[in-house]
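> fold the following, please.
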Amino acid sequence: MTAARLDRLYQLMTSAGLDALAVNPGPTLFYLTGLRFHLMERPTVLLLAPPAAPVLIMPELEKPKIASARIPLSPISFGDNMLEWDGVFKKAANSLELDGKRIGVEPTRLRFLELSYLQTAAPKAVFVSGEEALGQVRMQKDDEEIAAMRQAAIIAQKALEATLPLVKAGVTERELAAELLINLYRAGSDSELPFAPIVASGPNSANPHAVPSDRTVETGDLLLFDWGASYQGYASDITRTFAVGTVSDEFSKIYELVKQANAAGRQAGKPGLRAGDIDHAARGVIQRGDYGTFFTHRTGHGLGMEGHEGPYIFAENDLLLLEGMVYTVEPGIYLPGKGGVRIEDDMVVTADGSSSLTDFPRYLTIL
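Alright, predicted model coming up:
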């Protein structure tokens with residue numbers, strides 16, 4: 001399966017006019033090789049220049065990892081003497097004949113550290129964004145990836161179920177976030193979560209990217225949880241909003257609108273549909289309910305080995321959905337100074353429609 005991923009990447013590189021790719025440690029490197037490395041002060045970079053075998057420039061101390069690589073690699077390692085690192089990169093560039101070639105990089109990943117060594121090693125090479133190839137290779141998930149994401153959703157939902165009994169007036173957002181973190185690990189999440197959980201109460205829930213604070217939960221609050229788990233390197237991303245003790249008529253009204261918008265977005269996805277059409281389906285419900293100005297972000301984003309990746313679900317996106325793409329549907333209404341509601345689910349495009357990987361109840365629950 002990993003070899004097939006590499007073959008597909010090479011095809012995409014050809015279509016994008018790329019002779020080679022340079023990949024830093026991160027999701028793409030793991031996706032292609034099965035190897036995990038931390039970004040640190042020592043450079044690490046995977047160089048792909050077909051038909052040659054991929055070359056992995058790496059610290060000597062990391063070399064034992066090569067034994068578990070899923071594809072054949074040519075490692076070129078170095079010690080701690082920084083004066084030798086230029087020569088190591090030159091050796092790799094010469095072995096792949098990179099000088100004068102068009103080399104794609106991950107625009108949000110490749111650091112100046114690795115880039116500067118590569119530019120010195122191949123001064124006539126042209127470095128460009130490799131997003132056209134790299135953005136597509138991971139966008140369609142295979143059965144193994146979807147199974148991992150389904151399990152990540154199950155783990156996340158179990159963790160919230162274990163956390164909700166602790167909700168009461170007087171508990172702080174930070175305390176609930178801490179319990180949720182513990183319960184994510186207890187339920188089986190990987191140690192590296194896709195993102196830090198958001199727990200936001202009262203007026204804080206009107207901030208889509210709130211950070212858990214020392215604010216205490218009060219009766220009448222909306223209480224929003226945005227959290228996810230990781231399983232075998234794949235993420236889930238879910239949001240549910242609750243009422244504490246009681247709920248006002250206005251909060252009940254906006255909750256129902258968001259629930260309907262979520263349902264419309266979930267039902268809209270299918271192969272061949274524009275990603276932007278899902279945004280239109282969800283946003284239209286809220287606009288017709290006269291709260292359109294309070295829905296302040298896109299309807300969703302892609303999900304996989306990263307919490308945010310393609311496809312992005314915004315109105316102007318003409319990308320056509322394909323079977324195996326996974327994305328979130330997360331409409332929201334945010335009333336400044338009062339509170340906000342968001343309901344988020346993880347969707348996978350199937351052969352004839354779409355299916356939700358998440359099934360935590362979506363009706364308004366008063367805790």
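
> could you look up the SS state of residue 182?
Assigned by DSSP: H, G, I helix; E, B strand; the rest coil, the conformation of residue 182 is helix.

> residue contacts, residue 272?
By Cβ atoms under 8 Å, 6 or more residues apart in numbering, residue 272 lies in contact with 320-321. Using the backbone N, CA and C atoms, a C-beta is placed for each residue, glycine as well.

> how does it look with 10 Å?
Neighbouring residues of residue 272 by Cβ atoms under 10 Å, 6 or more residues apart in numbering: 320-323, 349.

> distance check, residue 49 against residue 128.
14 Å (Cβ to Cβ, to the nearest Å).

> also residue 110?
11 Å.

> the more surrounded of those two?
Just comparing residue 110 and residue 128: by other Cβ atoms under 10 Å the higher neighbour count belongs to residue 110, 22 against 15.

> for the more buried one, give its distance to residue 34.
Here residue 110 is placed at a distance of 20 Å from residue 34 (Cβ to Cβ).

> now, which of the contacts of residue 272 sits nearest residue 356?
For the contacts of residue 272, the closest approach to residue 356 (Cβ to Cβ) belongs to residue 349, at 11.5 Å.

> can you pull the phi/psi pair for the closest one?
Main-chain torsions, residue 349, degrees, to the nearest 10: phi -80, psi 130.

> what about it, how many residues close to it?
Around residue 349 there are 23 residues (other Cβ under 10 Å).

> before we move on, back to that, which residues do residue 110 and residue 128 both contact?
103-104.

> which non-adjacent residue is nearest the residue sitting nearest the centre point of the chain?
In the chain, the residue lying closest to the centroid (Cα atoms, centre = their mean) is residue 307, at 1.8 Å. Of all residues not flanking residue 307 in the chain, residue 194 sits nearest, at 3.8 Å (Cβ to Cβ, 6 or more residues apart in numbering).

> related to what we said a few turns ago, okay if I get the contacts of residue 272 as JSON lines plus secondary structure?
Listed next are the contacts of residue 272 as JSON lines, based on three-state DSSP:
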{"residue": "320", "secondary structure": "strand"}
{"residue": "321", "secondary structure": "coil"}
{"residue": "322", "secondary structure": "coil"}
{"residue": "323", "secondary structure": "coil"}
{"residue": "349", "secondary structure": "strand"}
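
> tell me the one of those residues nearest residue 23?
Nearest to residue 23, judged by Cβ to Cβ, of the contacts of residue 272 is residue 322 at 23.1 Å.

> distance check, that closest one against residue 227.
Counting by Cβ to Cβ - residue 322 and residue 227 are separated by 28 Å.

> same question, residue 26
22 Å.

> of these two, give the one with the bigger neighbour count.
Neighbour tally, residue 26 and residue 227, criterion other Cβ under 10 Å: the higher count belongs to residue 227, 28 against 18.

> let me see the contact set for the more buried one.
By Cβ under 10 Å, 6+ apart, the contact list for residue 227 reads 156-157, 159-160, 163, 177, 180-181, 183-184, 189, 193-199, 236-240, 344.

> give me the element the residue nearest to residue 331 when sequence neighbours are not counted is part of.
Nearest residue to residue 331, sequence neighbours excluded (Cβ to Cβ, 6+ apart): residue 261, at 3.9 Å. If you go by DSSP states H and E, residue 261 is part of helix 249-268.

> give me the helices and strands touching that helix, please.
Helix 249-268 sits against strand 222-227, strand 238-243, helix 275-288, strand 326-329, strand 332-335, strand 339-342, strand 345-349, strand 354-356, with contacts defined as 3 or more Cβ pairs under 10 Å, 6 or more residues apart in numbering; DSSP states H and E.

> where does the residue of the chain most remote from its centre sit: helix, strand or coil?
For the chain, the largest distance from the centre (Cα atoms, centre = their mean) belongs to residue 83, which lies 36.9 Å off. Secondary structure assignment for residue 83 (three-state DSSP): helix.

> let me see the contact set for the residue lying closest to residue 72 once chain neighbours are set aside.
Leaving out its chain neighbours, the residue that sits closest to residue 72 by Cβ to Cβ, 6+ apart is residue 53, at 5.3 Å. Counting by Cβ under 10 Å, 6+ apart, residue 53 makes contact with 71-74, 95-96.

> closest to residue 338 out of those?
residue 71 (53.1 Å).

> show the average pLDDT along stretch 120-127.
The average pLDDT for stretch 120-127 rounds to 97.

> hmm, I was thinking of stretch 24-34
92.

> if you count neighbours, what's buried in it?
24-33 (16 or more other Cβ atoms under 10 Å).

> now that stretch - C-alpha only, CSV.
Only the C-alpha atoms of stretch 24-34 are listed here, as CSV (Å, rounded to 0.1, in the frame of the first residue of the first chain):
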residue,chain,number,x,y,z
ASN,A,24,10.6,17.6,6.3
PRO,A,25,9.6,15.4,9.2
GLY,A,26,5.8,15.5,9.6
PRO,A,27,2.7,13.8,8.3
THR,A,28,3.8,13.4,4.7
LEU,A,29,7.1,11.8,5.6
PHE,A,30,5.3,9.4,7.9
TYR,A,31,2.6,8.7,5.2
LEU,A,32,5.3,7.7,2.7
THR,A,33,7.8,5.9,4.8
GLY,A,34,6.1,5.0,8.1
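
> where does this structure dip in pLDDT?
For the chain, applying pLDDT under 70 flags the ranges 1.

> how is it divided into domains?
Recorded structural domains for the chain (assignment: automatic domain parsing) are 2-137, 143-356.
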